[in-house]
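A.B. asks: Mind folding the following:
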Amino acid sequence: MSAEDRDMNSAFRLPPSESDPVLFVGAGPGDPELITVKGRNALAAADLVVYAGSLVPEDLLVWTRPGTPAINSASMPLGEIVAAMAQAQRNGKRVVRLHTGDPSLYGAVFEQMAALRRAGIPSKVIPGVTAAFAAAAALGIEYTLPEVAQTLILTRAAGRTPVPATENLSGLAAHRTSMAVYLSMGQIEEVAATLAEAYGAEAACAVVYRVSQAGEKVIRTRLKELVEAVRAERITRQALIIVGRVLEIGPDDLSVTSKLYDADFEHGFRK
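C.D. replies: Here you go, the predicted model:
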């Protein structure tokens, strides 16, 4: 962090109070510069950071003040995490719970917030950039193209954690719209077969590994070759599977255009 950044962040630091809520902050996909300004300011003001070290790179801690305690919660059960945050908050400390991506998506934050509420500890959420959007940027695609796809499904395959019966991957894939599959590299054979059945074995797909971070890999392939491509790169976790017709559209294809910028289309700002 530069001296200029530190000076700017210091303007956002106020004396702590007993009513300061625990802040659940979305760290973004991993690049320290993809955290929101509000999230960065929260880290700069924090007296304690509890971060999900299995997914959140320590590089994100660059936005904290020197010497700020940071606890890696990767090996901690729920009770220990909540107890650490509650004790610090009761001692007048500003607490940041740093989660990967956006806390609302596969963040397991609801149970933490519920436990804090039961303990009389307030909390708030600062949203972040989820990996699916960083993956779209890396691929140079738009998930919602006119008359191609107007819906994006964010989901995961059933594994050790089940999914509701009405949200099984085959049922969702039947829509054949843009889809980002999280947390499913361990079931890559099953996922590839399920997606191929719905989209077709020749359908384009992509795998984005550690998006925005050092070591990022972007693999474009076909569903029939997905398993082989993933194994060749030895990717077993921290990756998204992207599928949908939007991947079939070339980067310079002007046949898919919106009405928004059509000179013959009238709207409230253009006659």
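
A.B. asks: Show me where this structure has its helices.
C.D. replies: Remark: helices assigned in the chain by DSSP state H are 3-10, 37-45, 78-90, 110-118, 131-139, 169-173, 188-199, 226-232.

A.B. asks: Alpha carbons only: can I get the last one in CSV?
C.D. replies: C-alpha atoms of helix 226-232 as CSV (Å, rounded to 0.1, in the frame of the first residue of the first chain):
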residue,chain,number,x,y,z
LEU,A,226,-13.8,-30.9,-20.8
VAL,A,227,-12.6,-33.7,-18.5
GLU,A,228,-9.4,-34.3,-20.5
ALA,A,229,-8.6,-30.5,-20.6
VAL,A,230,-9.1,-30.1,-16.8
ARG,A,231,-6.9,-33.2,-16.0
ALA,A,232,-4.2,-32.0,-18.4
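
A.B. asks: next one: that helix to chain centre, how far?
C.D. replies: 23 Å (C-alpha atoms, centre = their mean, to the nearest Å).

A.B. asks: ok, and the closest non-adjacent residue to residue 144?
C.D. replies: residue 150 (5.4 Å; C-beta to C-beta, 6 or more residues apart in numbering). Glycine gets a C-beta too; all of them are placed from N, C-alpha and C.

A.B. asks: any idea how far the spatially closest residue to residue 119 that is not a sequence neighbour is from residue 235?
C.D. replies: Closest residue to residue 119 apart from its sequence neighbours, by C-beta to C-beta, 6+ apart: residue 86 at 5.1 Å. As judged by C-beta to C-beta, to the nearest Å, residue 86 and residue 235 stand 38 Å apart.

A.B. asks: do the same with residue 171
C.D. replies: 26 Å.

A.B. asks: And for residue 26?
C.D. replies: 24 Å.

A.B. asks: who has more neighbours, the two?
C.D. replies: A direct count of neighbours by other C-beta atoms under 10 Å for residue 26 and residue 235 places residue 26 higher, at 26 against 18.

A.B. asks: does that one have beta-bridge partners, and which?
C.D. replies: residue 99 (DSSP bridges).

A.B. asks: So it sits against residue 99, correct?
C.D. replies: Yes - if you go by C-beta atoms under 8 Å, residue 26 and residue 99 touch, sitting 6.1 Å apart.
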